[in-house]
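K.L.:
dropping the sequence and predicted coords here.
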Amino acid sequence: SWYFNRDSVALPGFHVFFKERADDQMNITRKFMEYQNKRGGRVILKDIPAPPIQEGWTPLKAMEATIQVEQSQTKAIMDLTALADRVIDLKELGDHVTQLKRVGPGIGEYLYDKNSLNGSYFDKIDRNSY
């Protein structure tokens, strides 16, 4: 964004556009790091590679580079979401194992089958709350 704010470039609309996008990305990143810390995770920061060019940006090149960054971030978020779904599935299966150990064999398994697997507890789990 700051490239377009230079006196030699003077494209203030592009400056504002890219600055707002960068600010939005920074806010999303900050929220994600806060969430990760709250849930007991660790934030591991890595270097952000510099853009392939430092001078001579055109609005078209900047938009194309932005699309590449957005696609990369979208893929990373989708991969993370898929992993989170697997973790939720594992927790659900673990809950079944725990409950089956508690109720015991025979009548306990029968009642568990009748009352728990047919929509009473596990169908009510809000998977979005994890």
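P.N.:
Alright, I've got the coordinates. All of these numbers come straight from a predicted model, not from anything done at the bench.

K.L.:
host element of Leu100?
P.N.:
Following DSSP states H and E, one finds Leu100 within helix 59-103.

K.L.:
helices and strands around that helix, which ones?
P.N.:
helix 12-38, helix 107-115 (3 or more Cβ pairs under 8 Å, 6 or more residues apart in numbering; DSSP states H and E). Where C-beta positions appear, they are placed from N, C-alpha and C, glycine not excepted.

K.L.:
relative to helix 59-103, how tilted is the shortest one?
P.N.:
Spelled out, that is helix 107-115. 140 degrees (axes from the mean of the first three to the mean of the last three Cα atoms, to 10 degrees).

K.L.:
what's next to helix 107-115, contact-wise?
P.N.:
Applying Cβ atoms under 8 Å, 6 or more residues apart in numbering, the contact partners of helix 107-115 are 99-100, 102-103, 121.

K.L.:
cool, stretch 54-64 as well?
P.N.:
Applying Cβ under 8 Å, 6+ apart, the set of residues contacting stretch 54-64 is 3-4, 11, 14, 18, 53.

K.L.:
burial count for Ile48?
P.N.:
6 (other Cβ atoms under 10 Å).
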